[in-house]
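**Q** Using only what follows, build the 3D model:
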Amino acid sequence: MNDDEITALATDLRALRARWGEAAARAALADNDALSPDQRARIEALVFSTPAAPVPANIGVSGDADTVQQLNVAAGGRVGVAVASLQMFFDGHPGEDGAALLAAYLDSLAADCQRLRLHRLTGTRQDGKQRDGSADHLRLQDVYTSLTTDGAPVVVHQRQRRSAWIQRLLERAHIAERSPEHVPPEQVRMPVINAVQVFDAGEGFRVHFDRTASRGAAISAMVEGEDPDALMSLQLVRPELALEAIHAERRLVLLGEPGAGKSTALRYLALLLAQRLRGVSLRIPGWPADDTPVPVVVPLGQVAAALRAGASDAYAALLQVIGDVLEAGVRGGLRRFLTPALRAGGLLLLCDGLDELPATAADGGIPARVAVAAALRRLARETKARMVVTSRVLPYRAPGDWKLLPEDGWALRTVQPLAFGQTRAFVKGWYHALAATDPDLADGRASDHAVGLVTELEQTERLHPLVRSPLLLTMLAIL
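**A** Numbering: from 1, shown residues only. The predicted model follows:
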């Protein structure tokens with residue numbers, strides 16, 4: 001990024017800070033992964049070293065006058081929630097207090113989701129008091145590294161060219177440097193080569209791909225063995241991201257090993273959607289700007305607890321917990337909008353931990369896991385809400401009648417272990433975030449520490465299994 005681009009980005013961030021506050025500007029800066037540490041530090045100095053300008057009294061958006069007025073009142077003179085999403089959540093009828101309630105919910109959700117919950121690893125709760133050299137102040141968006149799934153690769157680029165042209169391109173492109181072991185998944189570019197045959201099918205020409213190669217040696221052998229004038233298809237692909245999979249599938253089961261980051265991915269998506277709904281301009285992988293449902297993180301353990309506490313059935317317990325999450329004691333009244341939101345498809349339900357529910361019942365009745373799974377199926381049948389449900393791999397693959405199956409409309413993805421490119425990105429983000437409060441990491445020393453740790457992890461073979469797990473990698477970083 002050159003000087004003009006840095007200046008332009010700093011100007012945009014200052015405007016964002018003036019309109020939506022410092023947290024929004026910092027979130028947008030953290031989402032930009034194209035900056036070097038020195039460039040990021042320079043932009044931070046340009047944007048955050050001076051007091052923010054006053055927030056404008058009113059910001060126009062598209063929508064009917066009544067809805068805009070309700071939003072302005074809800075946000076103390078500013079637009080509080082994206083109009084289209086608010087209309088869908090309330091099925092067009094937010095009422096006098098609906099916008100204010102939803103804005104309060106989204107603010108609370110964002111504040112909760114951005115906490116890293118490091119006390120589970122360190123024994124010390126985040127108290128908001130930043131201590132030099134500690135990780136207490138780190139936020140999820142500061143260090144989150146994109147997770148990948150076993151879904152179909154995303155095609156970033158595709159061309160059909162002669163074999164000789166493709167061979168020259170691959171020689172110049174340094175493809176190995178864009179592999180999952182070197183760069184974050186968003187930047188991965190792996191080639192897939194298809195040998196193409198064009199033939200006359202009687203009703204026009206058809207194209208047939210009769211051979212495919214996606215590994216380095218196989219690609220080289222195929223390209224070098226072809227006639228230089230032979231037609232070939234080149235695709236550059238990268239892994240599917242977990243957030244992309246959640247958007248692509250309206251009903252998704254997301255599997256992963258313990259510590260693979262399933263719950264963290266749900267919380268990160270909820271954080272991004274909440275921020276976008278509150279007006280922060282940010283990119284969410286796979287999620288168009290005009291597609292932003294209201295997220296609700298649903299701990300399925302609470303559904304089982306509500307069932308034990310006397311809910312009439314698992315479906316009633318599930319609706320009760322969703323309503324409890326929306327209201328959380330200080331937003332009484334938002335629950336009454338749950339039915340229209342589910343009916344209109346204005347919610348994204350992020351249901352966490354189905355496999356953690358009891359698989360047996362002491363009284364010989366229906367186990368909580370089976371009952372809650374049935375409630376999820378019913379909710380999927382009777383509403384338009386988007387839903388994602390997490391589970392560990394082994395329990396889900398074991399025999400059982402609590403699975404959410406493809407024939408009922410559920411897709412399945414498995415979170416993949418971290419490649420070393422993700423490890424690099426995490427370590428870099430971790431030290432950069434620490435540098436904000438640790439003087440020992442100033443003046444570029446954060447980058448030096450990150451390079452040192454990455455090198456040590458890369459060269460120490462016994463640590464390789466540990467850095468494939470986000471949980472274990474975080475523990476290593478804390479140490």
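
**Q** separation between residue 237 and residue 154?
**A** Relative to residue 154, residue 237 is positioned 6 Å away (criterion: Cβ to Cβ, to the nearest Å). C-beta coordinates here come from the backbone N, C-alpha and C atoms, glycine included.

**Q** actually residue 114, not the one I wrote
**A** With distances taken as Cβ to Cβ, residue 114 is found 27 Å from residue 154.

**Q** What values do phi and psi take at residue 179?
**A** Residue 179 has phi and psi values of phi -80, psi 160 when expressed as degrees, to the nearest 10.

**Q** Count residues in the vicinity of it, would you?
**A** The local packing count at residue 179 equals 15, with neighbours defined by other Cβ atoms under 10 Å.

**Q** ditto for residue 428
**A** With other Cβ under 10 Å as criterion, residue 428 counts 22.

**Q** Keeping just the C-alphas, turn stretch 468-479 into CSV.
**A** Coordinates of the C-alpha atoms in stretch 468-479 are reproduced here as CSV (Å, rounded to 0.1, in the frame of the first residue of the first chain):
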residue,chain,number,x,y,z
ARG,A,468,-3.1,-27.3,14.3
SER,A,469,-5.7,-26.6,17.1
PRO,A,470,-6.8,-22.9,17.7
LEU,A,471,-7.2,-23.7,21.4
LEU,A,472,-3.8,-25.2,21.8
LEU,A,473,-2.2,-22.4,19.7
THR,A,474,-3.8,-19.8,21.9
MET,A,475,-2.4,-21.5,25.0
LEU,A,476,1.1,-21.5,23.4
ALA,A,477,0.8,-17.8,22.6
ILE,A,478,-0.2,-17.0,26.2
LEU,A,479,2.8,-18.8,27.5
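
**Q** how far is it from where the chain is centred?
**A** Computed by Cα atoms, centre = their mean, to the nearest Å, the separation of stretch 468-479 from the middle of its chain amounts to 19 Å.

**Q** what comes into contact with it?
**A** Under the contact criterion Cβ atoms under 8 Å, 6 or more residues apart in numbering, stretch 468-479 has outside partners 118, 121-122, 135, 145, 147, 257-261, 264, 417-418, 423, 426-427, 430, 453, 457, 463, 466-467.

**Q** repeat that with 7 Å
**A** Taking contacts as Cβ atoms under 7 Å, 6 or more residues apart in numbering, the residues outside stretch 468-479 that touch it are 121-122, 135, 259-261, 264, 417-418, 423, 426-427, 430, 466-467.

**Q** again with stretch 320-332
**A** Surrounding stretch 320-332, the residues in contact under the criterion Cβ under 7 Å, 6+ apart are 101, 104-105, 108, 296-298, 302-303, 306, 311, 334-335, 338, 349.

**Q** Apply 8 Å and report the result again.
**A** The set of residues that contact stretch 320-332 without belonging to it, under Cβ under 8 Å, 6+ apart, is 101, 104-105, 108, 296-299, 302-303, 306, 311, 333-335, 338, 349.

**Q** Buried among these? Make that a ChimeraX selection.
**A** Applied in ChimeraX, the following selects the buried portion of the contacts of stretch 320-332 according to 16 or more other Cβ atoms under 10 Å:
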select :101,104,105,108,296,297,298,299,302,303,306,311,334,335,338,349
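
**Q** Narrow the contacts of stretch 320-332 to those in helices?
**A** When DSSP state H defines the helices, the subset of these inside them is 101, 104-105, 108, 302-303, 306, 338.

**Q** before we move on, back to that, list buried residues within the contacts of stretch 468-479.
**A** For the contacts of stretch 468-479, a neighbour count by 16+ other Cβ under 10 Å gives the buried set as 135, 259-261, 264, 418, 423, 426-427, 430, 467.

**Q** could you dump those to JSON lines with secondary structure and pLDDT?
**A** Rendered in JSON lines, the data for the buried ones among the contacts of stretch 468-479 read as follows (DSSP: H, G, I helix; E, B strand; the rest coil; pLDDT from 0 to 100):
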{"residue": "135", "secondary structure": "coil", "pLDDT": "62"}
{"residue": "259", "secondary structure": "coil", "pLDDT": "94"}
{"residue": "260", "secondary structure": "coil", "pLDDT": "96"}
{"residue": "261", "secondary structure": "coil", "pLDDT": "96"}
{"residue": "264", "secondary structure": "helix", "pLDDT": "96"}
{"residue": "418", "secondary structure": "coil", "pLDDT": "97"}
{"residue": "423", "secondary structure": "helix", "pLDDT": "95"}
{"residue": "426", "secondary structure": "helix", "pLDDT": "94"}
{"residue": "427", "secondary structure": "helix", "pLDDT": "94"}
{"residue": "430", "secondary structure": "helix", "pLDDT": "91"}
{"residue": "467", "secondary structure": "helix", "pLDDT": "91"}
